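> sequence first, predicted model second:
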Amino acid sequence: SPAPTLSSTSRFGPNGYLLYSSYLSNQLCHDDLKHVDHPGITFSHLSPPGSPPLEIEQTKELKKAGWVWDAAVILSEYLLSLFAAGRLGGRVCELGAGTGVLAASLNRAGAECVATDLPEVVPLMRRNFERNGLEAERCQALTWGVDDEDHGEEFDVVVGADVVASLYDPEELAKTIHTVVKWGGRGYLSFRRREDLYHD
């Protein structure tokens, strides 16, 4: 049977951003690259009830760091459920935040989450925080294995979405997690399996 179709008015918000709910209902298979041609995505389900939807700009100029990945959305949903149940707690650091959708959703819910990524990615994260009425100062540069000791902060929770892909250095990631999270802290990582080979 033919693929389901949606009118352009039902798929996009007034700012031209793709409505994530329409994206989910319109896809036939799980593919987090279907939306990369859109300038941004609007997430109604990642905002507290009664709050405006979360609006996230994305850009191809930053390549993979400038796109919203499904792993970030799924981890956001899970962490928001933990926070609502009082089971997240403490200060949170997101590694490899990219667009900042995960950290923005947690901050919008009332958590204290710092978004970190490479220096060239920080402007995008800050624009997305400001767009959603959040403190841009919570977006900080952090290069794994380089800025760890200078970051000067320890967190209760460290999170990351799609940060274990083959193009990243697993040793530097492990070192950074060890440095930024407090002793006895917790970590939550999500990723989509794309290859059969893993780092040793």
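Yep, that arrived.

> what kind of secondary structure is Val92 in?
Following DSSP: H, G, I helix; E, B strand; the rest coil, the label given to Val92 is strand.

> against Gly100, how distant is the residue nearest to it when sequence neighbours are not counted?
Taking Cβ to Cβ, 6 or more residues apart in numbering as the measure, Val92 lies nearest to Cys113, with 4.0 Å between them; neighbours along the chain are not counted. Bear in mind the C-beta positions are built from the backbone N, C-alpha and C, glycine included. Distance, Cys113 to Gly100, using Cβ to Cβ, to the nearest Å: 9 Å.

> overlap of the contact sets of the two?
Common neighbours of Cys113 and Gly100 (criterion: Cβ atoms under 8 Å, 6 or more residues apart in numbering): Glu94.

> helix or strand right after the host helix or strand of the residue nearest to Val92?
Secondary structure here is read from DSSP states H and E; on that basis Cys113 sits in strand 112-117. Per DSSP H and E, the first helix or strand lying C-terminal to strand 112-117 is helix 122-131.

> what comes up buried for the helix or strand that that following helix is followed by?
Taking DSSP H and E as the definition, the helix or strand that follows helix 122-131 towards the C-terminus is strand 139-141. Taking 16 or more other Cβ atoms under 10 Å as the neighbour-count basis, strand 139-141 is seen to contain the buried residues 139-140.

> now do stretch 81-93
Buried-residue list, stretch 81-93, by 16+ other Cβ under 10 Å: 82-83, 88, 91-93.

> let me have these in TSV, extended by pLDDT and distance to Leu75.
Formatted as TSV, the buried residues of stretch 81-93 follow (pLDDT from 0 to 100; distance: Cβ to Cβ, whole Å):
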residue	pLDDT	distance to Leu75
Leu82	97	10
Phe83	97	12
Leu88	94	12
Arg91	96	17
Val92	97	11
Cys93	96	14
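
> got a markdown table for the residues you listed, with distance to Tyr20 too?
As requested, these are arranged in a markdown table below (distance: Cβ to Cβ, whole Å):
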| residue | distance to Tyr20 |
| --- | --- |
| Leu82 | 21 |
| Phe83 | 20 |
| Leu88 | 22 |
| Arg91 | 27 |
| Val92 | 22 |
| Cys93 | 25 |
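
> quick check, nearest of the residues you listed to Arg126?
Ranking the buried residues of stretch 81-93 by separation from Arg126, with Cβ to Cβ as the measure, puts Cys93 on top at 16.2 Å.

> that closest one: what's it in contact with?
Applying Cβ under 8 Å, 6+ apart, one finds that Cys93 lies in contact with 113-114, 116, 153, 155, 157-159, 180-181.
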